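In: structure of the sequence below:
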Amino acid sequence: MQIKKLFSLSFVFLTSLTCLLAQDIHNNPTSNHGNKFEQLGTILATPNEYRTASGAPGPKYWQQRADYDIKATLDEKKLMLSGAETVTYYNNSPDVLTYLWLQLDENQHSSVNNADFPDETRLGRGITTATIDKLTEQKTDNGLGHIISSLTDAMGAKLKYTINGTMMRIETPSPLKPGQKIVFKLNWTYKITDRLTYAGRGGYEYFPEDGNYLFTMAQWYPRLCVYSDFQGWQNHQFTNRGEFALVFGNYKVAITVPGDHVVMATGQAQNYPAVLSAAQLARWNKAQTATEPVEVVTLEEAKNAEKNKATSQKTWVFNAENVRDFAFGSSRKFIWDAMAANVEGKKVMCMSAYGKEAYGLYRKFSTKAVAHTIKSYSKFSIAYPYPVAQSIEAANGMEYPMICFNYGRTEKDGTYTEATKNGMLGVVIHEVGHNFFPMIVNSDERQWSWMDEGLNSFVEYLTEELYDNKFPTRGGPAWTIADYMRLPKDQLEPIMTNSENIIQFGPNAYTKPATALNILRETVMGRALFDYSFKEYARRWAFKHPTPADLFRTMEDASAVDLDWYWRGWFYGIDPVDIAIDTVRHAVYDPNSTAAPAMGGRGGRNMSGSNGPRGLDKPILPGFDDISKVRNRADKSIVFLTDADTSLRDFYWRYDRGLEPYDTVTKQPAMSYGAMEPLTDAEKVKYANVNLYEITFLNKGGLVMPIIVEFTFEDGSKELKKLSAQIWRHNENKVVSTFLTNKKAVSIQLDPMRETADINENNNSWPKVAAASNFSLFKMKGMGRGQSMGVSPMQNAQNKK
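Out: Next up, the predicted model:
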C-alpha cells in the first residue's frame, strides 16, 4: 500500500506539475507515513529579497504601475465602442525594458486574432447555431476584435507594435531604465458583441420587448500586462477561461453615451450635476446619509426612458485611484438605488442598477447585500478601501473594481422562486466579494484561478452564513466537496493546476479550495489562529501581487502551525479523504413528523462538479447542520443580517422556519415545484410498512457487472432485486442505491446464486443492519400517478463494515 501510494502521487506530480516536484516528493522514500508530512521544500520558490520565507513582501519588493486617461464613445445604433487613451507606464523594476506587452482581450471574439485555443466540439453534444456560426467564421475575418488606428509616443511619433492573438507588443523608442516612465497614446475601436451569443464577459444584451440594450463593458480597452519579479511578463493568451493579471494605477475616464443612458462605473463620478436631472441629483444627495436604499433613478423614469429614446448625447466622467481595472455598465433601462454604509469607520456608497425585469428582487435585496458583503469581508480580511461598491443586474456574474455584473430577474408578474432569490444573493455576495480577491489582494488569475475564486468563495461562504444561518450555501461545508473528490482520478487534477488545463473548473477552482480553507479554519487550526493568519495574509498583500507560496508561508508564519502536509494533500494532490466506505442505512416512515423537505436552492455557476449552471443539485436537508452553522448560532456576538434587518425576511424565510405554511398564504410567490402537504390518514396507513435501505456498493475489482441483492426478512422470507450494469455509468468505483421493501431485513447478500463470477465472497454479505431512524413523507399538491414523494433525511442509522 505504501509503495502504491508513492507511485500514484509521484505520477500525478510528473504529469500535472514538473519532474522537479516529483524529485522533491521522494526526498525521504523510506518514510513510514508515505511522505505526506514531508516539508514542501523546493516545491515552493526559493525565498529572496523580493519575497521572504515568512510569506511577506521582501525589503526590495517592487511592482509596476500604469495610469490611464481614456475618452470612450458608445455608439448604440452601430453597436460600436471607440476610444482614445493616454497611458503612463512606470518602470519600478530593477530591469531595463525594451518592449511592453498590452492585452487586447476583445480579440478573443476575432476569427483571425484570437488565442487559438480551440475547444472540443462533438456531434450530438453542445452543437448550437452559435457553434455553426463560429465554425463558419473560422474561414473568414468576422470583423471582431480591437482595431488599432494609431499608436504614438507623447510627442506624436509613431511606435512599432506587433499583435499576436490577444496580446500586443509595443517597442519602446529607447530602453526604459529602472525608475523611468513612458507615455504613449493609442486610438482604437471594435464592434460590441451580443454577450449572450458569444458568451463573453462584456458586450450587450438586447431586449426585444422594448427595443432597448443593456451594455456591460468589460475588458474593453487595451491595458498593460503584469511584469513581475517571479514571472517577468505575464503575456499568456486570453482564452476566455483563465482570467486576468493586471497592474494597479489611477484612471480618469470620460464615457459618451446616449443622453438618456445611466452609466455605472468603477470609481466616483465627477459630473453628476451635468448628467442627472435636478430631482435625481437631490435624491443622490439624500442617499449620502440614508440607511435605506434611495432610488436615484426611479422605476417610472426608467420605464419612460425605454419608450422615448433620446437622440442627444451625454458624457459621464469618472475617477478611480489605485485600481487594477475599469468597467462600466450603460443603459436607459437602469433603475439606480443607493445608500451609505459605515464600513470600519468609513462611508462607502453602496449602489445597485437594474432593469424593470429585476426590480422585485434587486430593489429589496441587492444594495443591502452589497453593504453586508463589504462589511463582512472587511472583518475577515482588510477594511474596504474604496468609496463605492456596486451591483449591476445583467444576467451575468463577473467582477471588477467597485462594480460587478450579476443576475436575478423575477417572473413577469414580479414573483420569484426561492432558488432565484438565493441564487441572486449568492452571486451578488460572490461578485462584490471579488473586490477583495483579486481586486485588492491582486493574484494572477490567469495562472492560479483558485487564488481568487477559491479564496473568494471561502469568504463568500462566511458572509452568507452571517446573512442568514439557514442560507443554502454549497461552498464551505466539508461534505459538499465529497462528490467531486470521489471521482475517478483521471477526472481530477490538483488545485495547483493552470487555469487553462482544469477539467472540472467549478469544483477545482471554487469549491475544493473554499472547502479546504473552511476545514482548516474549523477543524485543523481553529477559528482564532486561522482568522488572524488569513487577515495577516490580506494585510501583507493588499495592493500587491501574491503567489501561492506567499499564502502558504504566511498562514504558517502567523500561526506557528506546520501546514505543509495540508497544502501537499489538498492543493498539490488529488487523493480523497477516506470516502470509500461500505454502508447500509435503514429508514422507516414516521407518520408523526411535521417537517417538510427543503426544496430551495441557489443558482449560478456550478459548484458541484458539472460544467452547467452552478446550483444546489442536492437540496439542503431539513435539520441538517454543518459545523460552521452550529458554531455561529452558539456565538452570541454574531448577529445575522436577517435578524438585524427584519425587512429582509420574506415569505421563504418564514416558511423555512415553519412560521408560514403554504396553505395559509394567499400571495404565494411563483414556485418551480409543487408545495408540500401532509398525508391523509389513509395514506399514512398505506405507507406504514415502508422500509428504505440505502446501500453503498464499491467496485473493488474494476469490472462493472450487474448488482444482484437478496434480502432476508424477519419472517424468513426472501426477495431478490437486480440492478443493471448501467448503474455504474456515472461512477465506476462507487454507487449508492436505495431499495424499498415492505418488511424489515435481517441480512443482505450480494449475488446469492453466484451469477457474476465474484472472486471474493467474503465481502458479499451484510449480517447486521443498524437500528432504523425515521423519515417523514409528503405528497405534492395535485400529485397524480407517477409523481414522486418527498423524503426527509435518514439520520444516524449507519453501520460501518
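In: where along the stretch 601-750 of the chain do the helices fall?
Out: Using DSSP state H, counting those that start in this stretch, the helices of the stretch 601-750 of the chain run over 627-634, 641-644, 651-656, 681-686.
In: centre of the chain versus the last one, how much separation?
Out: With CA atoms, centre = their mean, to the nearest Å as the basis, helix 681-686 stands 45 Å off its chain's centre.
In: buried ones in that helix?
Out: By neighbour count with 16 or more other CB atoms under 10 Å, helix 681-686 contains no buried residues. Every residue, glycine included, has its C-beta placed from N, CA and C.
In: likewise the shortest one?
Out: Within helix 641-644, the residues that count as buried by 16+ other CB under 10 Å are 641-642.
In: and that helix, what does it pack against?
Out: Here helix 641-644 is seen to pack against helix 449-467 when contacts are counted using 3 or more CB pairs under 8 Å, 6 or more residues apart in numbering; DSSP states H and E.
In: which elements pack onto the helix it packs on?
Out: Here helix 449-467 touches helix 359-380, helix 418-433, helix 512-519, helix 627-634, helix 641-644, going by 3+ CB pairs under 8 Å, 6+ apart.
In: can you do 10 Å?
Out: helix 359-380, helix 418-433, helix 512-519, helix 527-541, helix 548-557, helix 627-634, helix 641-644 (3 or more CB pairs under 10 Å, 6 or more residues apart in numbering; DSSP states H and E).
In: dump the C-alpha coordinates for the second one into CSV.
Out: What follows is the C-alpha trace of helix 418-433 in CSV, where atoms were taken according to Å, rounded to 0.1, in the frame of the first residue of the first chain:
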residue,chain,number,x,y,z
GLU,A,418,-36.7,30.8,-3.5
ALA,A,419,-34.0,29.3,-5.7
THR,A,420,-33.8,32.6,-7.8
LYS,A,421,-33.6,34.7,-4.7
ASN,A,422,-30.9,32.6,-3.1
GLY,A,423,-29.0,32.5,-6.4
MET,A,424,-29.2,36.2,-6.8
LEU,A,425,-28.0,36.8,-3.2
GLY,A,426,-25.2,34.3,-3.6
VAL,A,427,-23.9,35.8,-6.8
VAL,A,428,-24.1,39.4,-5.5
ILE,A,429,-22.1,38.4,-2.4
HIS,A,430,-19.6,36.4,-4.5
GLU,A,431,-19.0,39.1,-7.1
VAL,A,432,-18.9,42.0,-4.7
GLY,A,433,-16.6,40.0,-2.6
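In: show the average pLDDT along that helix.
Out: Averaged across helix 418-433, pLDDT comes to 96.
In: T289 is in what secondary structure piece?
Out: Assigned by DSSP states H and E, T289 belongs to no helix or strand.
In: list the contacts of it.
Out: By CB atoms under 10 Å, 6 or more residues apart in numbering, the residues touching T289 are 339-340, 347.
In: and E556, by the same measure?
Out: 54-55, 533, 562-564, 566-567.
In: let's see that with 7 Å instead.
Out: Neighbouring residues of E556 by CB atoms under 7 Å, 6 or more residues apart in numbering: 562-563.
In: one step back: in TSV, list the helices of the stretch 601-750 of the chain along with distance to R332.
Out: What follows is those, written out as TSV (distance: least, CB to CB, whole Å):
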stretch	distance to R332
helix 627-634	43
helix 641-644	33
helix 651-656	32
helix 681-686	55
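In: reformat the ones you listed as JSON lines; add mean pLDDT and distance to Q280.
Out: Below are those laid out as JSON lines (pLDDT from 0 to 100; distance: least, CB to CB, whole Å):
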{"stretch": "helix 627-634", "mean pLDDT": "81", "distance to Q280": "40"}
{"stretch": "helix 641-644", "mean pLDDT": "92", "distance to Q280": "29"}
{"stretch": "helix 651-656", "mean pLDDT": "84", "distance to Q280": "33"}
{"stretch": "helix 681-686", "mean pLDDT": "82", "distance to Q280": "59"}
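In: nearest to Y377, of those helices?
Out: Nearest to Y377, of all the helices of the stretch 601-750 of the chain, is helix 641-644, at 13.6 Å by CB to CB.
In: so V348 bridges to which residues?
Out: Here V348 sits in beta bridges with A341, going by DSSP bridges.
In: check whether it really touches P387, as I assumed.
Out: Yes: at 6.3 Å, V348 counts as touching P387 under the criterion of CB atoms under 7 Å.
In: neighbour count for those two, which is higher?
Out: V348 (24 against 14; other CB atoms under 10 Å).
In: out of the contacts of T289, which are buried?
Out: 339-340.
In: so which of the contacts of T289 comes closest to H372?
Out: Nearest to H372 among the contacts of T289 is M339, at 11.9 Å by CB to CB.
In: before we move on, back to that, of the contacts of T289, closest to Q270?
Out: K347 (17.9 Å).
In: my guess is the closest one meets A340, correct?
Out: Yes: with contacts counted by CB under 7 Å, K347 reaches A340, the gap being 5.3 Å.
In: mind checking how far the spatially closest residue to L648 that is not a sequence neighbour is from F365?
Out: Of all residues not flanking L648 in the chain, T642 sits nearest, at 5.0 Å (CB to CB, 6 or more residues apart in numbering). Distance of T642 to F365, given as CB to CB, to the nearest Å: 11 Å.
In: cool, A338 as well?
Out: For A338 relative to F365 (CB to CB), the value is 15 Å.
In: M167 too?
Out: 40 Å.
In: picking that back up, what touches both of T642 and F365?
Out: By CB under 7 Å, 6+ apart, the residues touching both T642 and F365 are L648.
In: comparing the helices and strands packed on helix 449-467, which comes out most buried?
Out: helix 418-433 (a mean of 27; mean count of other CB atoms under 10 Å).
In: and the angle from it to helix 359-380?
Out: Computed with axes from the mean of the first three to the mean of the last three CA atoms, to 10 degrees, the direction of helix 418-433 lies at 40 degrees from that of helix 359-380.
In: run the angle between helix 418-433 and helix 449-467 for me.
Out: Using the same axes, to 10 degrees: helix 418-433 against helix 449-467 is 120 degrees.
In: so which elements touch helix 418-433?
Out: Secondary-structure packing of helix 418-433 (3 or more CB pairs under 7 Å, 6 or more residues apart in numbering; DSSP states H and E): helix 359-380, strand 388-393, strand 403-406, helix 449-467.
In: many thanks, I have nothing further to ask.
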